[in-house]
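Student: I'd like to go over a predicted model; first the sequence, then the structure.
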Amino acid sequence: MATEDIAVASPPEDTDAELSAQALRTYPIAPGVALNVRSGPGTHYPVVRTIPAGSSVPIRCQCPGESVTGPYGTSKVWDNIANGQFVSDAYVHTGSDGYVAPQCS
């Protein structure tokens with residue numbers, strides 16, 4: 001409670017606006033797909049949760065990983081949607097075959 005709440009409550013206005021813009025930037029997952037979220041950029045990583053069909057996801061950063069074929073083609077790009085949570089970009093409608101967010105470091 002305290003550490004996270006304090007960190008969110010105290011940034012300057014410009015940072016709040018940037019965080020709000022980032023939080024609002026989401027991309028829809030493929031229609032009718034319940035999407036597995038994995039702990040790393042590949043299908044050999046454990047599933048940490050499943051996103052229900054009809055959902056959208058934020059993309060914090062992207063990284064190369066295992067090649068996956070999905071509704072939006074074949075891609076080696078993996079989207080980091082939260083700390084330690086990755087989905088294949090082949091299942092996310094970004095409007096691009098490449099990177100739409102910074103590369104994960």
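Tutor: Noted; the coordinates are in hand.

Student: tell me who's in contact with the closest residue to T43 other than its chain neighbours.
Tutor: Nearest residue to T43, sequence neighbours excluded (C-beta to C-beta, 6 or more residues apart in numbering): E66, at 5.9 Å. Any C-beta I mention is one placed from the backbone N, CA and C, and that applies to glycine too. By C-beta atoms under 8 Å, 6 or more residues apart in numbering, the residues touching E66 are P41, G42, T43, H44, K76, W78, S88.

Student: doesn't the fifth one belong to a helix?
Tutor: This points to K76. No: counting by DSSP: H, G, I helix; E, B strand; the rest coil, K76 is located in no helix; its state is strand.

Student: close enough to count as contact, it and T69?
Tutor: No: K76 is beyond contact range of T69, at 10.8 Å (criterion: C-beta atoms under 8 Å).

Student: between these two, who's got more neighbours?
Tutor: K76 (15 against 11; other C-beta atoms under 10 Å).

Student: host element of the residue nearest the centre of the chain?
Tutor: With distances taken as C-alpha atoms, centre = their mean, the residue of the chain nearest its centroid is I81 (2.6 Å). Element membership of I81 [criterion: DSSP states H and E] is strand 73-82.

Student: for this structure, which element, helix or strand, carries the lowest mean pLDDT?
Tutor: helix 2-9 (a mean of 37; mean pLDDT, DSSP states H and E).

Student: what sits against the residue nearest to the centre of the chain?
Tutor: V37, V57, P58, I59, R60, V87.

Student: now it. Nearest residue, chain neighbours left out?
Tutor: I81 sits nearest to V57 (C-beta to C-beta, 6+ apart), 4.6 Å away.

Student: distance of that neighbour relative to F86?
Tutor: 10 Å (C-beta to C-beta, to the nearest Å).
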